[in-house]
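Peer 1: Next input, structure requested:
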Amino acid sequence: MQLHKTLGAAVAAMGPDQLLSLLPLEMDGPNLTDSRVWLLPILKQHVVGARIEFFAQSLMPLATRLRERARKVGVFLERLHIFVQ
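Peer 2: Next up, the predicted model:
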């Protein structure tokens, strides 16, 4: 909980772009377990007054890529379910 509060204060003070330049999410690799996905709830809770340009250039493309990965996983799970039956 202390880490959450500390990083939340850093996000509020520095802005998400500066924090993510130091601690990138690293969500583009093949294995999301190596990412810093745990930063997303902290960003959600503590981002205030950030530049919209940052979201448009950084987080929106990331959300699009993650949605596509989730879609592919869903298709894989559907095929797996059909195969197992």
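Peer 1: burial measure for residue 42, as a count.
Peer 2: The burial count assigned to residue 42 is 21, neighbours taken as other Cβ atoms under 10 Å. For the C-beta atoms, the positions are set from N, CA and C on the backbone; glycine is no exception.
Peer 1: which SS state does it fall under?
Peer 2: For residue 42, the assignment made with DSSP: H, G, I helix; E, B strand; the rest coil gives helix.
Peer 1: From residue 9, how far out is it?
Peer 2: Remark: distance between residue 42 and residue 9 (Cβ to Cβ, to the nearest Å) = 10 Å.
Peer 1: what's the answer for residue 37, then?
Peer 2: Taking Cβ to Cβ, one finds residue 37 at 20 Å from residue 9.
Peer 1: what do you get for residue 68?
Peer 2: Relative to residue 9, residue 68 is positioned 33 Å away (criterion: Cβ to Cβ).
Peer 1: pLDDT wise, what is residue 26 at?
Peer 2: We note a pLDDT of 88 for residue 26 in this prediction.
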